[in-house]
Structure formats: structure tokens, C-alpha cells
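K.L.:
structure, please.
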Amino acid sequence: MQKPRLEVVDALRGFAVAAIMLLHNIEHFDLYYFPESLPEWIKTLDGAIWSSVFFLFGGKAFALFALLFGLTFFIQSDNQAKKGKGFSGRFAWRMTLLLLFGLINSVFYQGDILSIYAILGFFLIPLSRLSNKQLLAVSVILLLQPIEIYKLIEALLHPGLPVSDPASWAYFGQMGSYLMNSSFLDAAKGNLTNGKWAVLLWNFENGRYFIILALFLLGMLAGRKGVFTPNTKNKKLWAKALLFSTLSFTFLFIFQKNLATWVKDPASLQSIDLLVKSWSNLAFTLVLVSGFTLLFYHNSIRVLLNFFSPMGRMSLTNYIMQSVAGAYLYYGFGLGLYKHTGATYSLLIGISLTLIFVFFCRYWAKNHRHGPLEGLWHKATWLGKDKTT
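P.N.:
Numbers count the residues shown, from 1 in each chain. A predicted model of the protein is given here:
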């Protein structure tokens, strides 16, 4: 018999998808534009909403998504292991399929994360053979971001090193030429070429590849330890995690805000700021995960948090649907709302899309075991097998 789904994991994944959707909407799906024709009070509100949404979810939503990606890998591979079957080959094929989904998604939205997850997902196959202690050690090394540490050491040893703009900025600067007033084909071509280079470079410059892979491994480790299984022991564990992450985030956040007054060398400041910001985001991600999981232990609150579960069970479908919807709403080939909506209006659109997607997911789940794209992914994953799992 199949093990029952972990409700909190579905809800957390849905929460992550909703958070990503809100972020993407206020960013106009990477088409940064701030309308000047809006009333001053709306502009003021826009600034507050922009800061608040990014404080809550910027650099955290993708991290939560990555953590759950690693957890899902463990659950799938563990299910096969209990049946005496290997999963490495199927998972490699599954990641190939995810890469295809990511490229399709990139046609509409250049900031696609699926293709990056797919490529980094291949590393889970050999790394899954490591022991728990080895997994934790590799995760810590990755989270320390060795490349940025090397840059920092160079900056400290050679004060006055020149600081230049990130290479990705040149590519991002060309986005307007194909997203603002071009056809769908021009936008798709730009997203798959210039936009893809921009996103790949940006993720490298900000250490995202190390962070994503580390979170994959931590998610796998969380699965091995069974920390999302509801019981008294895990409840105490999450309470400790909430306390530790809250204190860590508070310290790192204050430290980052005062960096400019303590560090005067531009190159050193750049590296330290990037490192501290990434660690601060990770600490706040743990605040979100532990806080959400602890609230799930309360029956009355669990009912409210389960609002996100339908989206979590259909995360692939929702992620790609929001890209298609966002491209049509904001880009020049569609409604071109980037010219008229600041963060306030875009947030309202994002909330509306979330509600629509949740209702769609609930309707679909009444008659289908998997979401539309999840079903396709599942069938293609087990292609050639007489019996799917």
C-alpha cells in the first residue's frame, strides 16, 4: 500500500508556488517598469508593497521550492527502494523531461527555474549514495559558496581591486527591445536567447547554483530523517529550528544593514554583502518552513493552511500556467499591463491568479489523480513500464 501523502509538504509546496507568483507579478515577470502616471499615494504604497513582498519572499520562495524538490526525490527513490527497484535511471529520464518543460516555460518567461533544477537534479543521483553526515558536510560547503569566499580572500589580500557591473546586467538591459512592444515570436526568441543568458549568468553571479544544490541535499536529508512526519519529537525539533533561525536571521539582517559603515573596500563589501544576504535569506527560509510546519500541528490553523495544498499537488502545472498568464498580462504582445500597473495593482493581480489557480486545482482533482502536466510527466517518466507507481 502507498504511504499517505504528507499534507504539510503539499501545503508548503503550494505556499512556495503562491509566493513565487506574487513576486513574479510585482516584477512584471522580469519586465521591470515603474509607471510614472500613477497617483503619488499609489507610488508610495507601491514602494511599501515592493519592499514587504521582497522581504518576505525574495530569495526565500525559490529556496523553499528547492528544499521540497530534494525531499520529493527522496520520497520517490525510497518508494522504489522498498520495492527492490532502482530509481537512478528513471530519475535521470525524469530530469530530462523536466528540462523540456523548463525550455517550454522559458518561451514565455525567461526567469524559468525548472531547467536549472533539472540540470542540477542530475547531481542527486551520485550524491544520494552519501551518508547523512557526508550529505550535511557537502551541503555546508556549498552554502558557504566557495567561489565567493575565494573572491573575498582575494579582495582582502589586495585592497582596491576594481568592481565592475555584473555581466548579466548587459543582457537584462536588452529585454525591453523584445518584451515591451514586440510580437510573441520575437518575445519567445528573446527569452530563449538573450533572456536565458541573462538568467544563467545572474544565478551564477549570486551563488544560486550552490544554494539550490545544497537545498536539494538538505531536502533529501530531511526525508531520510522523516522530519515532516507529524509527531511530538518533530514538533520539538521544529520549535528549536524556529528559535535558531529567528535569532540567526535577526543577527544577519542587522549585520548586513550596517555593512557599508564597517567595510570600506568596494570589492570586499560586494562579496561580504552577497554572502551575508544569501545566508540571511536561508535563515528566513527556515523561519518560514519551521513556522508553517508548527502551525500545521494546530487543527484549526491546518484547515486554513491546506488552502495551498491543491496548488502544491499540481506545482508543475501552476508554475507554467502562471508564466503563460503573466506573459499575456504584462508583455507587449499581450495586454501590456506593465505600462499601467505598479506593485499594488500587480500584487492584486497575483492574489487573483492564486485564487483562480486554487479553484482550478480543486476542480481538476475531483476527477483526476494528477494535474494536467503532472500526469503527462508521470506517464512519460514510467514509459515502457507495464505498471506505473
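
K.L.:
what's the longest helix in the protein?
P.N.:
In the chain, assigned by DSSP state H, the helix with the most residues is helix 266-295.

K.L.:
average pLDDT for it?
P.N.:
Mean pLDDT, computed over helix 266-295, is 96.

K.L.:
would you mind measuring from Pro146 to Gln80?
P.N.:
33 Å (Cβ to Cβ, to the nearest Å). All C-beta atoms are positioned from the backbone trio N, CA, C, and that covers glycine.

K.L.:
kindly report the same for Leu295.
P.N.:
32 Å.

K.L.:
phi, psi for Lys335 please.
P.N.:
Check again: residue 335 is Leu, not Lys. Leu335 adopts backbone torsions of phi -80, psi -20, taken as degrees, to the nearest 10.

K.L.:
let me fix that, I meant to ask about Val199.
P.N.:
Backbone geometry at Val199, expressed as degrees, to the nearest 10, gives phi -70, psi -40.

K.L.:
pLDDT score assigned to it?
P.N.:
pLDDT for Val199: 96.

K.L.:
going forward, the N-terminal residue is numbered 11.
P.N.:
Understood, numbering begins at 11; the last thing we discussed is Val209.

K.L.:
do I have it right that it meets Ser125?
P.N.:
No. Using Cβ atoms under 8 Å, Val209 makes no contact with Ser125, being 9.1 Å away.

K.L.:
list the contacts for Glu17?
P.N.:
For Glu17, the contact set (Cβ atoms under 8 Å, 6 or more residues apart in numbering) comprises 306, 312, 316, 319.

K.L.:
quick one: residues contacting Pro276.
P.N.:
Pro276 is in contact with 171, 173, counting by Cβ under 8 Å, 6+ apart.

K.L.:
again, only this time at 7 Å
P.N.:
Residues near Pro276 by Cβ atoms under 7 Å, 6 or more residues apart in numbering: Val173.

K.L.:
from Pro172, how far out is it?
P.N.:
For Pro276 relative to Pro172 (Cβ to Cβ), the value is 8 Å.

K.L.:
relative to Gly186, how far out is Gln90?
P.N.:
Counting by Cβ to Cβ, the gap from Gln90 to Gly186 is 47 Å.

K.L.:
what about the residue nearest the centre of the chain, helix or strand, and which?
P.N.:
Central residue of the chain (Cα atoms, centre = their mean): Phe72, 1.5 Å from the mean position. Secondary-structure assignment from DSSP states H and E places Phe72 in helix 71-92.

K.L.:
same check on Asn115?
P.N.:
helix 98-118.

K.L.:
Met31 now?
P.N.:
Applying DSSP H and E, one finds Met31 within helix 17-36.

K.L.:
now the helix holding Asn115: mean pLDDT?
P.N.:
On average, helix 98-118 scores 96.

K.L.:
so which bits of that helix are buried?
P.N.:
100-101, 104-105, 107-109, 111-112, 114-118 (16 or more other Cβ atoms under 10 Å).

K.L.:
for stretch 272-284, same thing?
P.N.:
273, 275, 277-282, 284.

K.L.:
put the alpha carbons of that stretch into CSV.
P.N.:
The C-alpha atoms that make up stretch 272-284 are tabulated as CSV, following Å, rounded to 0.1, in the frame of the first residue of the first chain:
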residue,chain,number,x,y,z
TRP,A,272,32.1,48.9,8.6
VAL,A,273,33.6,47.8,5.3
LYS,A,274,35.0,50.5,3.0
ASP,A,275,36.8,48.4,0.4
PRO,A,276,34.3,48.1,-2.5
ALA,A,277,35.4,44.6,-3.6
SER,A,278,35.3,43.2,-0.1
LEU,A,279,32.0,44.9,0.6
GLN,A,280,30.5,43.3,-2.5
SER,A,281,31.5,39.8,-1.6
ILE,A,282,30.6,40.1,2.1
ASP,A,283,27.2,41.6,1.2
LEU,A,284,26.4,38.8,-1.2
